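1. Take this sequence and fold it.
(chains A and B)
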Number of protein chains: 2
Amino acid sequence: MNAIEKYNARVDKVNSLVCVGLDSAFEKIPEKFTQTEFPQFEFNRWVIEQTNEYTSAYKPNTAFYESRGDRGIRELKMTMDYLQEMHLDILTICDAKRADIGNTSAQYAKSIFDWFGFDAVTLNPYLGKDALQPFLDYKDKGCMIVCRTSNLGAREFQDLLVEERPLWQIVAETVAKEWNSNGNCVLVVGATYPEDIKIARSLAGDIPLLIPGVGAQLGDLKAVMQAGVDSQRRGLIVNAGRSLIFSENPEEAARTLRDEINRWR
Amino acid sequence: MNAIEKYNARVDKVNSLVCVGLDSAFEKIPEKFTQTEFPQFEFNRWVIEQTNEYTSAYKPNTAFYESRGDRGIRELKMTMDYLQEMHLDILTICDAKRADIGNTSAQYAKSIFDWFGFDAVTLNPYLGKDALQPFLDYKDKGCMIVCRTSNLGAREFQDLLVEERPLWQIVAETVAKEWNSNGNCVLVVGATYPEDIKIARSLAGDIPLLIPGVGAQLGDLKAVMQAGVDSQRRGLIVNAGRSLIFSENPEEAARTLRDEINRWR
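-> Sure thing, here's the model as predicted:
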């Protein structure tokens, strides 16, 4: 069972397309956790306990752990070990946006897939396919290629026209047609513009889309869902990060997001 | 004194444009180091002892440390602490090729500049300027933007034509004209095609170029140097990694590279 199959099985089991972004910035963690020996891990464990029933993927962003040096790395690893011990069958995504030349990418893959034990990773396409080949070669692991990001400045290069089409669409099409021979690719498309998600879906065929940038603004969900679901009413990994994990009641926030997604699915 | 001034001062002091890539893959480290408690750190210390006299920058790539999890991170930090204690005034570059949306980039910057204490970092341009702004805002730190990589697949996206010009040249020009308001940008341009370095120099003005991909193939150096030096016969950071640190005699390799560079400078 590869990463995408694992996700789909979980989606069917708990009827949820929710991905919880474990962007557990130390500065924002409630005091009762910061006083413990492993604050980021203890906070993550609590969030996972609260949310796992409604969740099909967890996606920690490495930056929030790296900022604490080797301590943060250790607590991210503890989080991964905890998820494994719990046998939750929830997809784990390392949001790292890595890319380097092949020899070096192989070392990143070793870190993320072998050492941490993640099911999937986010990757930056700028260096081309051969640079990311060491990741793609892990057939059971998910390679989530950043096409369209949700920041304002995304337009600076991603919207440059190549033969009258924006660069990000060329990236999406190239990944779908040429990088996905192991069937383990996912496209990352920001939720800021539902129109973009519609285009990504048409270029991606059956390839799943990871949608960051949802969360606080639940209003966009209808448009996102209608634009993005595949023929099986799945094919979307809908991430909510800070708005969910730092809410007063993450359990309720996860359930509400799941139900709101399913309303438009 | 910002990172670029630090580099230039060192270049003048030791008459060298050599950057040593501390890509200290655990699998390749000689056995006498792997038997110690901190193998990557001990190997790095030895390489630094051997090479510092001829070196103006050290550039560890994070992937080679992340592959060993928190242990690797700790040994990279020990390497940085050692360089600081030695007061060598050599530029330290974190080759991490990071990029994420602003909030997250700020956490990476915290890791690389504040926790590790690096002088500079390599960054991926695909997400645009606002994503990298938290790095750019560290006025004293160097932001080295990947424009043209040395892998074969680099052409896949970097050579796509935007109004008849390859994407990587648009990136280079944009960085030079719009991202460098703090005077802390550097362009990363692979050494595979000296012609590209010539174009990068013409687009970059006085902005330094970091040149990876030199090393084994000393023959290209003449063309690289003639294409890349600025009006002061500096402006290049010439990296050699594996070919140097894993050679039989890193000291001799560093001295030879320095002299060969100066021959064509």
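
2. make it CA atoms for all contacts and neighbour counts henceforth
-> OK.

3. what mean pLDDT would you report for the biggest helix by length in chain A?
-> Longest helix in chain A, counting residues (DSSP state H): helix A:69-85. For helix A:69-85, mean pLDDT rounds to 97.

4. Determine how far that helix lies from the middle of the whole chain.
-> Relative to the chain's own centre, helix A:69-85 is displaced by 17 Å; criterion: Cα atoms, centre = their mean, to the nearest Å.

5. now swap in stretch A:133-141 and tell me
-> 17 Å.

6. how about the longest helix of chain A: buried residues?
-> Using 16 or more other Cα atoms under 10 Å in any protein chain shown as the burial criterion, the residues of helix A:69-85 that qualify are A:69-80, A:82-83.

7. What are the contacting residues of it?
-> A:38, A:40-41, A:44-45, A:64-66, A:116-118, B:69-71, B:73-74, B:111, B:115-116 (Cα atoms under 8 Å, 6 or more residues apart in numbering or on different chains).

8. can you check stretch A:231-250 too?
-> A:8, A:11, A:17-24, A:28-29, A:47, A:50-51, A:57, A:59, A:206-216, A:228-230, A:253-254, A:265.

9. What's the end-to-end length of it?
-> Stretch A:231-250 has an end-to-end distance of 30 Å (Cα to Cα, to the nearest Å).

10. same thing with stretch A:62-72?
-> 9 Å.

11. and what of stretch A:164-182?
-> First-to-last residue span, stretch A:164-182, Cα to Cα: 30 Å.

12. wait, does whatever helix or strand comes next after the longest helix of chain A make contact with chain B?
-> Per DSSP states H and E, helix A:69-85 leads on to strand A:91-98 as the next helix or strand towards the C-terminus. Yes: judged by Cα under 8 Å from any Cα of the partner chain, strand A:91-98 and chain B are in contact via A:Lys97, A:Arg98.

13. Go ahead and measure how far strand A:91-98 is from the middle of the chain.
-> The answer for strand A:91-98 is 6 Å, by Cα atoms, centre = their mean.

14. Render the CA-only coordinates of whatever helix or strand comes next after that strand in PDB, please.
-> Under the assignment DSSP H and E, the closest C-terminal helix or strand after strand A:91-98 is helix A:102-109. What follows is helix A:102-109 as a C-alpha-only set of coordinates in PDB (Å, rounded to 0.1, in the frame of the first residue of the first chain):
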ATOM      1  CA  GLY A 102      20.400  14.200  -6.800                       C
ATOM      2  CA  ASN A 103      23.200  13.100  -4.600                       C
ATOM      3  CA  THR A 104      22.000  15.600  -1.900                       C
ATOM      4  CA  SER A 105      18.300  14.900  -2.300                       C
ATOM      5  CA  ALA A 106      19.100  11.200  -1.600                       C
ATOM      6  CA  GLN A 107      20.400  12.400   1.900                       C
ATOM      7  CA  TYR A 108      17.200  14.400   2.500                       C
ATOM      8  CA  ALA A 109      15.100  11.400   1.500                       C
END
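
15. State the paired neighbours of the next helix or strand after helix A:102-109 in the sheet, together with their directions.
-> Once the chain leaves helix A:102-109, the next helix or strand it forms, by DSSP H and E, is strand A:120-123. Sheet pairing for strand A:120-123, assigned by DSSP bridges, gives strand A:91-98 (parallel), strand A:142-148 (parallel).

16. quick one: low-confidence ranges for the stretch 101-250 of chain A?
-> A:215-219 (pLDDT under 70).

17. do you know how far A:Glu5 is from chain B?
-> According to Cα to the nearest Cα, to the nearest Å, A:Glu5 and chain B sit 26 Å apart.

18. average model confidence for the helix or strand containing that residue?
-> Element membership for A:Glu5, per DSSP H and E: helix A:3-14. Here helix A:3-14 scores 97 as its mean pLDDT.

19. picking that back up, pick out whichever of the buried residues of helix A:69-85 sits closest to B:Gln133.
-> A:Gly69 (21.6 Å; Cα to Cα).

20. Next, find the distance separating the closest one from A:Phe116.
-> In terms of Cα to Cα, A:Gly69 sits 15 Å off from A:Phe116.

21. And A:Ala99, by the same measure?
-> 18 Å.

22. More neighbours: which of the two?
-> A side-by-side neighbour count of A:Ala99 and A:Phe116, using other Cα atoms under 10 Å in any protein chain shown, places A:Ala99 first with 27 against 23.

23. how many neighbours does the closest residue to that one other than its chain neighbours have?
-> Setting aside the residues directly before and after it, A:Ala99 is nearest to A:Asn124 in space (Cα to Cα, 6 or more residues apart in numbering or on different chains), at 5.5 Å. Applying other Cα under 10 Å, we find 25 residues neighbouring A:Asn124.
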